[in-house]
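Participant: Here is a sequence with its predicted model. Questions after.
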Amino acid sequence: MNDAAVGRIDWNDPSIAKIRRDMLRFAQLQLRDAGAAEDMVQEALFSAMKYEASFAGRSALKTWMFSILRNKIVDHIRKSSREIAGADLVAGSAEDGDDFDALFDERGHWNPEDRPPTWADPESSLSQQQFWEVFDACLDRLPPKTSRVFMMREFLDLDTDEICAELGISTSNCWVILHRARAGLRMCLDRDWFGQEDAPC
Amino acid sequence: MLSCKEVNRLCSEEQDRKLSLTERINLRMHLAICKACTNFRDQMRFLRSATRRYREGQRGPAED
């Protein structure tokens, strides 16, 4: 399919339909708007077809198409900025604040039962389908606005300055939200995927 | 000496901004003696590599 010597992509190949489905799911997750997601995927596919010659086969075809889609989504977000009011975000981020404070004693040390254990060979999880199902479920469990900031940072690769400008929140608030998102995901993966082993501190 | 709670915050923030020299030294001193925070930091870095795979559409077994 992505035979660099031939340099042509077969757009009717069934693997393209599968990539398209994955792109749609990714776009829906970022935009929470089925219509806009469909438009973004369509635009990304048109661009990919148009600029097919610039795909040199250096990366996987899917990686290349996802990078085009990501750029489309970022453009879309920049055009329709301030989708979520900053005030909502601040209020939303307070709801899970206490959970994380509860992991530490009054001097700021881990409670013995909450110390992060060592994860055995986490990299190998990345190639397991079940891991990604757990990952999705953990992402879903984050408060919606927390997950929104996390996805802008990690999936769309926006820097925190841009995220806070888009959402009208302070940079330090952005860092706090990202910290909560990561700590929440970590705890969820620890519980639902990696299992428990205590680490001494 | 930083507390584990403060170290947690720095382990997340180092993914979003460049830490100051003081912060980096304090972080390193704490991590040298705290296995739980070292695990936490490794896991923050693992999350970063997982989200990178995710955004490239490379979830699950290699496909092409």
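Facilitator: Great, that's in hand.
Participant: drop to CA atoms for contacts and neighbour counts, all remaining ones
Facilitator: OK.
Participant: what about residue 41, how many residues close to it?
Facilitator: No chain was given, so I picked chain A. A:Val41 has 27 neighbouring residues, counting by other C-alpha atoms under 10 Å in any protein chain shown.
Participant: wrong chain, I was asking about chain B
Facilitator: The burial count for B:Arg41: 20, using other C-alpha under 10 Å.
Participant: Please identify the helix or strand for it.
Facilitator: Using DSSP states H and E, B:Arg41 falls within helix B:35-55.
Participant: So which bits of that helix are buried?
Facilitator: Neighbour-count burial for helix B:35-55, counted by 16 or more other C-alpha atoms under 10 Å in any protein chain shown, picks out B:35-44, B:46-48, B:50-55.
Participant: So which of the residues you listed would count as near chain A as well?
Facilitator: Subset of the buried residues of helix B:35-55 in contact with chain A: B:35-37, B:39-40, B:43-44, B:46-48, B:50-55, counting by C-alpha under 8 Å from any C-alpha of the partner chain.
Participant: hang on, the earlier thing: not counting the helix holding B:Arg41 itself, show me its contacts.
Facilitator: Contacts to helix B:35-55, defined as C-alpha atoms under 8 Å, 6 or more residues apart in numbering or on different chains, come from residues A:26, A:66, A:70, A:115-119, A:122-123, A:126, A:154-156, A:182, A:186, A:199-201, B:4, B:7-8, B:11-12, B:31, B:59.
Participant: ok, of those residues, which come out buried?
Facilitator: By neighbour count, with 16+ other C-alpha under 10 Å, those hold A:26, A:66, A:70, A:115-119, A:122, A:126, A:154-156, A:182, A:186, A:199, A:201, B:4, B:7-8, B:11-12, B:31, B:59 as buried.
Participant: quick one: low-confidence ranges for the chain?
Facilitator: In the absence of a named chain, chain A is used. Residues of chain A meeting the criterion pLDDT under 70: A:1-7, A:58, A:81-99, A:196-201.
Participant: wrong chain, I was asking about chain B
Facilitator: Within chain B, the ranges that satisfy pLDDT under 70 run B:60-64.
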